[in-house]
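>>> need a structure here:
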Amino acid sequence: MVTAVEKGLGGIDILVNNAGIGPPRTLSEITEPDWDEVLAVNLKSMFLVAQAVLPGMRRRKWGRIINLS
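Alright, predicted model coming up:
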């Protein structure tokens with residue numbers, strides 16, 4: 001995804017991580033697979049995308065990563 005964006009639009013200078021999910025159930029109703037999905041979307045995706053844009057930001061010596069929760 002990052003490669004396609006950089007190829008089509010140029011370097012990524014600002015990344016806003018704003019993905020997040022929350023199961024519409026009470027804590028006692030959430031299953032472990034539900035929780036694993038929450039962590040994958042809310043945390044792991046932020047890490048992976050930030051890691052993917054960081055090399056370009058370092059090469060350009062500028063960039064911002066904004067994480068919303």
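
>>> all strands for this protein, in order.
Secondary structure of the chain (DSSP state E): strands at 14-17, 64-67.

>>> which elements pack onto the first one?
It refers to strand 14-17. Applying 3 or more CB pairs under 8 Å, 6 or more residues apart in numbering; DSSP states H and E, we find strand 14-17 packed against helix 45-60, strand 64-67. (Glycine included, C-beta is placed from N, CA and C.)

>>> what lies in contact with the longest one?
Helix 45-60 has contacts (CB atoms under 8 Å, 6 or more residues apart in numbering) with 1-2, 6, 11-13, 15, 17, 19, 63, 65, 67.

>>> cool, and stretch 8-15?
Applying CB under 8 Å, 6+ apart, the set of residues contacting stretch 8-15 is 2, 5-6, 49-50, 53, 56-57, 59-60, 62-66.

>>> at 6 Å what do you get?
53, 56, 60, 63-65 (CB atoms under 6 Å, 6 or more residues apart in numbering).

>>> by neighbours, which of these wins?
Within the contacts of stretch 8-15, Val53 tops the neighbour count with 21 neighbours, counted by other CB atoms under 10 Å.

>>> measure that one to Val41 for me?
When distance is defined by CB to CB, to the nearest Å, Val53 is 18 Å away from Val41.

>>> if we can go back for a sec, let's have the strands of the chain in JSON lines, adding distance to Trp35 and mean pLDDT.
Formatted as JSON lines, these follow (distance: least, CB to CB, whole Å; pLDDT from 0 to 100):
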{"stretch": "strand 14-17", "distance to Trp35": "20", "mean pLDDT": "96"}
{"stretch": "strand 64-67", "distance to Trp35": "20", "mean pLDDT": "96"}
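
>>> out of those, flag the one nearest Leu27.
Shortest distance between Leu27 and these, using CB to CB, is found for strand 64-67: 23.9 Å.
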